[in-house]
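K.L.:
Return a 3D structure for these sequence lines:
(chains A and B)
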Amino acid sequence: MNSIDFPQRTWHQWLVVICRMILGIVMLWSGIGKATTLSGSVQAVRNFRILPDAIEPLVGYALPLTEIIIGLLLILGLFTRVAAGIEALLMLAFIIGIISVWARGMRIDCGCFGGGGIDESVNSWTYLRHIFLDGALLIAGAFVAWRPHSPLSLDRKLFPDLIDNNFDEDLTV
Amino acid sequence: MSKNPDSTATQSGNTRRAKLAADRAAAAKKAQKRKAWIIGSSILVGALVILLSVWAIMNAQAKKEVTSKPVGAVGTEAISLYPGKAKAGAPIVTVYSDYQCPFCKVFEEALGEEFNKLAENGDIDFQVRTLTFIEDNFPGNKWSTRAAEAAACAGISDVNMYPEVFSAIYAFQPEKEGAGYTDEALTTDVPAKAGMTGKALEAYQKCYKNRDTEGFVRAVDTAGRKSIEGIETKWGTPLYAVNGKKLKLTDLYDNATKTWNSAGLLDLIKAG
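P.N.:
All right, here's what the predicted structure looks like:
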């Protein structure tokens, strides 16, 4: 079953690999950054003042864990579609969070890579930059979720038959 | 042609072979689906176990018993620098500070002595709420907590030198924010500057080494973060408050002479 033919265009497949690696590394990096300062991660969630007090700690702990797992899945190419989809949803949530903070005139560091807190040096440009960056990651994630098949992936090694060979209707787990 | 037995045999053979191949493909697909479910649910279960353990550990830490606390402890929320000295009706002045915060040092050096004098006279009840949020910005940095633990150790009954150590710690604050204190500075330099000797010094160092005040400092930090958010949404340290309202200490600064009008402190406090 290893000689299966994947009719997706080659350059397209490698673009997916590049997106997977970039997204995976960013996710892994930000997850590890948060995991090394867990109380900071909770505080960063709290700073946004969006969620109810009671679930802030849970989100603060779950976020780095989710990011690390999603990052690893993307790099390994395992459950690529699901992982990329979750990545895109996370980015969407972050963008909404940043816009909400910005609209309320608060100045906080996003805590995107760990840390976070009140930061007077934060201005509209900081928020715009974050929205732009997260937006780019959102688009890349959505793209990978749309066409997840790519070389160097465990999906191909483990579930070659679950991948529909048709370029137009490819579907995976 | 249809009468040709050979051809019929080949055809049915082809169908059979095709059916066999289709069956095999379906079986392979089913096996892979099963594999996907097993791997997927293992990852989910593993993640859930990790998450629950982290939560349980963090909760246990947060509830860590307050084994040892300073004489001036106000519940597990603040430390009164001169407990029992305040006259009836004297305002409570609270400073929210982090030992790694550069401006806390600036304010303490400018007005700390005046605050202490007022508190010693009983004109105010001067209370400190030590926060540890600055270390959250520097991975691996534990020095907001350790410095606060050291200060709390200076407040236990065997030592009882909280005000002296409170200002002495700032004297050894590293110039670069986040560079962090050292164990040596907190156990040797700080008590030396505060004038701590003999049995008190021993008790202080033992308390610091054993982290006896860890639970207390954590409780103060948790309560402090909640409390400061109630005073100001965009909070930062140091924040001085009188009976829960922010005190504008910068009114005492004269830009022309670059000096602090410390004599006006009590009036400012009384004005609220």
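K.L.:
So in chain A, where's the weakest helix or strand by average pLDDT?
P.N.:
Every helix and strand of chain A was ranked by mean pLDDT, DSSP states H and E. The lowest is strand A:117-118, at a mean of 57.
K.L.:
next SSE after that one?
P.N.:
Toward the C-terminus, strand A:117-118 is succeeded by helix A:124-146 as the next helix or strand (DSSP states H and E).
K.L.:
Report all helices and strands that that following helix contacts.
P.N.:
The helices and strands touching helix A:124-146, judged by 3 or more Cβ pairs under 8 Å, 6 or more residues apart in numbering or on different chains; DSSP states H and E, are helix A:10-35, helix A:80-103. For the C-beta atoms, the positions are set from N, CA and C on the backbone; glycine is no exception.
K.L.:
quick one: low-confidence ranges for chain A?
P.N.:
A:1-9, A:109-111, A:113-121, A:164-173 (pLDDT under 70).
K.L.:
Nearest to chain B: which residue in it?
P.N.:
The nearest approach of chain A to chain B comes at A:G40, 3.2 Å away (Cβ to the nearest Cβ).
K.L.:
Could you give the number of residues near the closest residue to that residue other than its chain neighbours?
P.N.:
If the residues on either side of it in the chain are set aside, A:G40 comes closest to B:D136, at 3.2 Å by Cβ to Cβ, 6 or more residues apart in numbering or on different chains. By the measure other Cβ atoms under 10 Å in any protein chain shown, the count of residues near B:D136 is 22.
K.L.:
cool, B:I57 as well?
P.N.:
Should you count by other Cβ under 10 Å, B:I57 turns out to have 12 residues around it.
K.L.:
do A:D53 as well
P.N.:
A:D53 has 9 nearby residues by other Cβ under 10 Å.
K.L.:
quick one: the closest residue in space to it that isn't next to it in sequence and A:I108, what's the gap?
P.N.:
Excluding the flanking residues, the one nearest A:D53 by Cβ to Cβ, 6+ apart is A:R46, at 8.0 Å. Using Cβ to Cβ, to the nearest Å, A:R46 is found at 10 Å from A:I108.
K.L.:
just B:V93 next, same as before
P.N.:
According to Cβ to Cβ, B:V93 stands 28 Å off from A:I108.
K.L.:
Any buried residues in stretch B:255-265, and which?
P.N.:
Using 16 or more other Cβ atoms under 10 Å in any protein chain shown as the test for burial, stretch B:255-265 gives B:260, B:262, B:265.
K.L.:
Please report phi then psi for the first one.
P.N.:
Comment: the main-chain dihedrals of B:W260 come out as phi -100, psi 130, following degrees, to the nearest 10.
K.L.:
Could you give the bridge partners of it?
P.N.:
B:Y253 (DSSP bridges).
K.L.:
my guess is B:F126 is in a strand, correct?
P.N.:
Yes - under DSSP: H, G, I helix; E, B strand; the rest coil, B:F126 falls within a strand.
K.L.:
What distance do you get for it to B:V220?
P.N.:
From B:F126 across to B:V220, the span is 15 Å (Cβ to Cβ).
K.L.:
Which stretches in the stretch 101-250 of chain B count as strands?
P.N.:
Using DSSP state E, counting those that start in this stretch, the strands found in the stretch 101-250 of chain B span residues B:125-130, B:239-242, B:245-246.
K.L.:
list the contacts for residue 135?
P.N.:
Picked chain A for this. A:91, A:95 (Cβ atoms under 8 Å, 6 or more residues apart in numbering or on different chains).
K.L.:
let's do chain B instead
P.N.:
Contacts of B:E135 (Cβ under 8 Å, 6+ apart): A:37, B:100, B:141-145.
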